[in-house]
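J.: Here is a sequence with its predicted model. Questions after.
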Amino acid sequence: MAQAKKALVKTSRKQNGRSAPRASVKSYNNYIGGKWVPSESGEVSENMNPADTRDTIGRFPLSTSEDVNAAVNAAQEAFDRWRHTPAPRRAEILFRLGEILIRNKDTFTADMTREMGKVLKEAGGDVQEAIDCTYYTAGEGRRLHGFTTPAEMPDKFAMCVRQPVGLCGLITPWNFPMAIPSWKLIPALICGNTVVLKPAEDTPLSTYNLVKACEEAGIPPGVVNLVTGYGEPAGAAMTNHPALRLISFTGSTETGRQVASACAERNAICSLEMGGKNAIIIMDDADIDLAIEGALWGAFGTSGQRCTASSRLIVHKKVYKKFSQQLVERTEDLRIGNGADPKTDVGPVINAAAVEKIMGYIDIGQNEDGAALACGGKRLTRGDYANGYFIEPTVFTDVAPDMRIAQEEIFGPVTSVIPANSLADAVKIANGVRYGLSAAIYTRDVNRAFHAMNEMYTGICYVNASTIGAEVHLPFGGTKATGNGHREAGTQVLDIFSEWKSIYVDYSGKLQRAQIDEVKL
Ligand code: ADP
């Protein structure tokens, strides 16, 4: 059992080099088997506000493989009862969860802005996404459709039903700290699975809020277990755990590859949602003002820290100059600041490592032959910005499709404007990256729109809208290095969290051989 050890505070990735623990900071626990317990190690990390790292939000357990083992044992113990709870009854609890999330939306929104940095409106959207996902997916409790089909032989009945996968490990990132956990958790639960959930180390509070709401809704002990902490050791302990039949992961492509190989080693099911390098095509007949709005929102919303961010703007040469000029003017007008201030357009980035990575790419861009830094490009460190991770929204123009800033995921407020000669050229450039999550086209020509819809090799495609803005009842996911063929959201997510069972009922009273064994022509 967990022994309460003296809290040992480790440096958080968001920390600005200061480590002295303060007694007044609230301590949070893991949730295992229906109990809130500290980590076996007693170690914690401090969760800081990325807009002002002097503001410490709380201390969260740095979990180890022992905590993961305890959580998996709890999930195992709860599985049979939850699996046998009829799906419509499971759904009733989830509808209650939806009500609790609605009731707490403002608090959860403020908590999220404080720990993650995104502006209040976007944090509210993140919580709303969890609410929508909960209601939509809970509705599946009265569907979870299987199917019947004719059998080959007389007096034989054939059907197919969904059954739960078993114990699921859910590993989530920091950029949508309530929405993404909900995308995994709610479908896992409606299908009858029990789970161990590990949020990103930078944003444990929003996932804690979600799990606390699960407890209040009456989800039985052990069905949902929360362990906080780093990818190593906590996440890795999950991917290697022989009892976790499925790992559902959203995060970086590099980590996703490690998760996938760990799962392959032990034949676990693995669903991956990873990077993007999403493009908006702006044709010469586009409504340029509308395209500018879409580009700004797609490139700089959430400070560009979305896997669907519009990090490439591929513009027809006939409108290239006009578009680029307007884009730069509008980008320079964006207000950077603390996301809690309603006047802020662009909040901070998540942590010091993100600043380093993004500034590194800005450097690379400036050194690429031909590319021009059209605006932004600096880290802000004075006055109100002194204690946070603020980077100016940055636009590079005259970018060539093969440059690193046009190929690699930057995950920050940086976008590249790339000229194109024609629609065919633009589509080729859009498809010429290793990722395939989202793509968009601005055009008033229906033929061009349908051509792009058909030719862009991505999991999501928008016409006259930006690359961001997925809705929960449509499948979400991407091609190529973005994923491994699965889709979250929609009803398609049920195919991740359930397995098909084919059932044959022979009521003929005699041995009937299937065609495979006895061919009659
Ligand atoms: P980022 O670099 O943006 O933080 P990561 O892919 O590293 O993205 O993190 C996404 C999630 O994966 C987080 O919850 C993180 O703790 C977890 N994670 C990181 N490394 C591993 C690992 N080796 N095994 C399992 N999970 C990991």
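T.: Everything's here; your move. Residues are numbered from 1 along each chain as shown.

J.: Asn447 - how many residues pack around it?
T.: Residues lying near Asn447 (other Cβ atoms under 10 Å) number 9. Quick note: C-beta positions are derived from backbone N, CA and C, even for glycine.

J.: quick one: it is in a helix?
T.: Yes. Under DSSP: H, G, I helix; E, B strand; the rest coil, Asn447 falls within a helix.

J.: what's the pLDDT at it?
T.: Here the pLDDT value assigned to Asn447 is 98.

J.: separation between it and Phe323?
T.: Distance from Asn447 to Phe323, counting by Cβ to Cβ, to the nearest Å: 22 Å.

J.: Can you spell out the domain ranges of the chain, please?
T.: 37-145+167-274+486-493, 279-463 (automatic domain parsing).

J.: Out of these, which is the most enclosed?
T.: Ranked by mean neighbour count, the domains of the chain are led by domain 37-145+167-274+486-493 with a mean of 22 (mean count of other Cβ atoms under 10 Å).

J.: Now do the same contact list for Arg245.
T.: Val165, Gly166, Leu167, Cys168, Ala268, Ile269 (Cβ atoms under 8 Å, 6 or more residues apart in numbering).

J.: The same query, at a cut-off of 10 Å, please.
T.: By Cβ atoms under 10 Å, 6 or more residues apart in numbering, the contact set of Arg245 is 164-169, 193, 263, 266-269, 499.

J.: cool, Leu437 as well?
T.: The contact partners of Leu437, taken as Cβ under 10 Å, 6+ apart, are 273-278, 306-309, 409, 458-460, 467, 470, 476-483.

J.: make it 7 Å
T.: Counting by Cβ atoms under 7 Å, 6 or more residues apart in numbering, Leu437 makes contact with Gly276, Asn278, Cys307, Thr308, Thr458, Gly459, Ile460, Gly478, Thr482.

J.: Can you name the two of those that sit furthest apart?
T.: Using Cβ to Cβ, the pair of the contacts of Leu437 lying farthest apart is Cys307 and Thr458, separated by 11.8 Å.

J.: Not counting sequence-adjacent ones, nearest residue to Thr344?
T.: Distance criterion Cβ to Cβ, 6 or more residues apart in numbering; nearest residue to Thr344, sequence neighbours excluded, is Gly337 at 4.1 Å.

J.: oh sorry, the question was meant for Gly218
T.: Nearest to Gly218 is Ile93, by Cβ to Cβ, 6+ apart, at 5.4 Å.

J.: surely that neighbour meets Cys214?
T.: No. Here Ile93 lies out of contact with Cys214, judged by Cβ atoms under 7 Å, at a distance of 8.5 Å.

J.: doesn't the residue nearest to Gly218 fall inside a helix?
T.: Yes. Using three-state DSSP, the assignment for Ile93 is a helix.

J.: hang on, isn't Lys322 packed against Ile288?
T.: Yes. Using Cβ under 7 Å as the test, Lys322 is close enough to Ile288 to be in contact (6.2 Å).

J.: Spatially central residue for the protein, please.
T.: Ile180 (4.5 Å; Cα atoms, centre = their mean).

J.: Counting by contacts, list what the helix or strand hosting that residue packs against.
T.: Per DSSP states H and E, Ile180 falls inside helix 179-190. Helix 179-190 is packed against helix 87-103, helix 120-138, strand 167-171, strand 194-198, helix 204-217, helix 494-497, with contacts defined by 3 or more Cβ pairs under 7 Å, 6 or more residues apart in numbering; DSSP states H and E.
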